[in-house]
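Trainee: Just need the structure, nothing else, for what follows:
(one chain, ligands or ions: 1)
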Amino acid sequence: MANWLAGKVVDNRRLNDYLTSLIIDVDLNGYEAGQFVRIGVRDGDDVIARPYSLVNSPEEKHLEVYFNIVEEGPLSPRLFALQAGDEVLVSDRPSGFLTISEVPEAPHLWLIATGTGIGPFLAILKSDAVWQKFAKAVLCYSVSYTEELAYRDLIAELEQTHGDRFCFVPIVTREEFTGGLRHRVPTVMQNGSLEQFTGLAINAENSHVMMCGSSEMITDVSAALEARGMQKHRRRDPGHFTTEKYH
Ligand code: NAP
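Mentor: Model prediction:
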């Protein structure tokens, strides 16, 4: 059974009316980049909590979660309203297998995210393990509108630090956009434009693919990868793609 740690909000960095990053000061004892914790608030004698992936690398002082407000939800509107100094609860047991230590070696790592699913991949890209294990990492990040492309400064820093070992593929699906792709991930995978944009092939010999975000995207991309002879990775049956759905 996980216990609740009492954390304090350091900052609530709103990107817009429905997306924000909450920075939390709490004594969490170790976690692996790509994992999630449960975040909650008190509700009388109860706690309302949900899992949220961590955006910070394990070396960073504060925890960071990136999420969208679900208007009718019991928790996200309350988290969205928190301000510096407010209490927020954090479970003491980070969980999840969307981590570099769980994936087999391959020359290229593909990190495919929709929306707030970008969070765990930023933690992974900030940590050393990914650059020790893979020759190249590709971050493919799909959002509906350009303003929803969060963490662009951090991504620019990664581009500068890692040069041609890092490739960023922004996808904006609902408005004109230059410098990236314009169609949903399953489409750009099937029509070859993702490989054309990166100059890299996705296949069982040279790639491991990690996915996070929309469940339908994960289902459709998994099917596209299976059609290329790739299979889901399991500890006892190593494969070529890893997914996480916690919703
Ligand atoms: P969104 O903001 O609604 O959409 C983001 C992008 O995903 C848009 O480009 C959208 O394209 C595209 N998209 C939507 N449905 C799709 C589909 N069926 N196939 C392919 N692309 C699709 O955000 P979202 O990605 O749907 O939501 C993020 C989800 O990630 C949330 O449900 C959140 O709970 C989850 N999440 C999970 C984890 C985890 O499991 N560790 C971590 C963080 C977030 P259009 O503009 O064409 O709709």
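Trainee: Just list whatever residues bridge to A113.
Mentor: A113 forms beta bridges with Y141, C212, as assigned by DSSP bridges.
Trainee: Can you name the residues of this structure sitting close to the ligand?
Mentor: Applying Cβ under 6 Å from any ligand atom, we find that the chain lies next to the ligand at 36, 53, 114-117, 119-120, 142-144, 173-174, 184-186, 212-214, 216-217, 220, 244-247. Glycine gets a C-beta too; all of them are placed from N, C-alpha and C.
Trainee: In PyMOL, how would I select just the buried ones from those residues?
Mentor: Filtering the residues of the chain next to the ligand down to the buried ones (16 or more other Cβ atoms under 10 Å) takes a single PyMOL command:
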select buried, resi 36+53+114+115+116+117+119+120+142+143+173+184+185+186+212+213+214+217+220+244
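Trainee: Of the residues of the chain next to the ligand, which belong to helices?
Mentor: G119, P120, V185, P186, E216, M217, D220 (DSSP state H).
Trainee: Show the average pLDDT along the strand or helix carrying V41.
Mentor: Under the criterion DSSP states H and E, the helix or strand holding V41 is strand 36-43. Averaging pLDDT along strand 36-43 yields 97.
Trainee: Also stretch 55-74?
Mentor: Rounded mean pLDDT across stretch 55-74 is 96.
Trainee: Stretch 79-93 too?
Mentor: Mean predicted lDDT for stretch 79-93 stands at 97.
Trainee: what's next to that stretch, contact-wise?
Mentor: By Cβ atoms under 8 Å, 6 or more residues apart in numbering, the surrounding residues in contact with stretch 79-93 are 2-12, 20, 22, 24, 26, 28-29, 37-42, 47, 49, 63, 67, 69.
Trainee: after the top strand by length along the chain, next one along is what?
Mentor: Assignment by DSSP state E gives strand 4-14 as the longest strand of the chain. Following strand 4-14 in sequence order, the next helix or strand is strand 19-25 (DSSP H and E).
Trainee: And the strands in this protein?
Mentor: Under DSSP E, the chain gives strands at 4-14, 19-25, 36-43, 46-53, 63-68, 87-91, 108-114, 136-143, 166-172, 207-212, 241-244.
Trainee: OK, now which residue of the chain is nearest to the ligand?
Mentor: Taking Cβ to the nearest ligand atom, the ligand has its nearest neighbour within the chain at G115, 2.6 Å off.
Trainee: Name the nearest residue to that residue, ignoring sequence neighbours.
Mentor: Leaving aside its chain neighbours, G115 sits nearest to G213 (5.5 Å; criterion: Cβ to Cβ, 6 or more residues apart in numbering).
Trainee: Check the contact between the one you found and G117; I expect there is one.
Mentor: Yes: contact criterion Cβ atoms under 8 Å: G213 and G117 qualify, at 2.8 Å.
Trainee: gap between the residue lying closest to H233 once chain neighbours are set aside and A106?
Mentor: Excluding its sequence neighbours, the residue lying closest to H233 (Cβ to Cβ, 6+ apart) is G239, at 3.8 Å. To A106, G239 is 11 Å away according to Cβ to Cβ, to the nearest Å.
Trainee: got it, and T242?
Mentor: On the measure of Cβ to Cβ, T242 and A106 end up 11 Å apart.
Trainee: And the pLDDT for the residue nearest to E59 when sequence neighbours are not counted?
Mentor: Excluding its sequence neighbours, the residue lying closest to E59 (Cβ to Cβ, 6+ apart) is S127, at 7.7 Å. Listed pLDDT for S127 reads 95.
Trainee: if I look at S127, how far off is L200?
Mentor: 22 Å.
Trainee: Since that was my last question, I'll sign off now.
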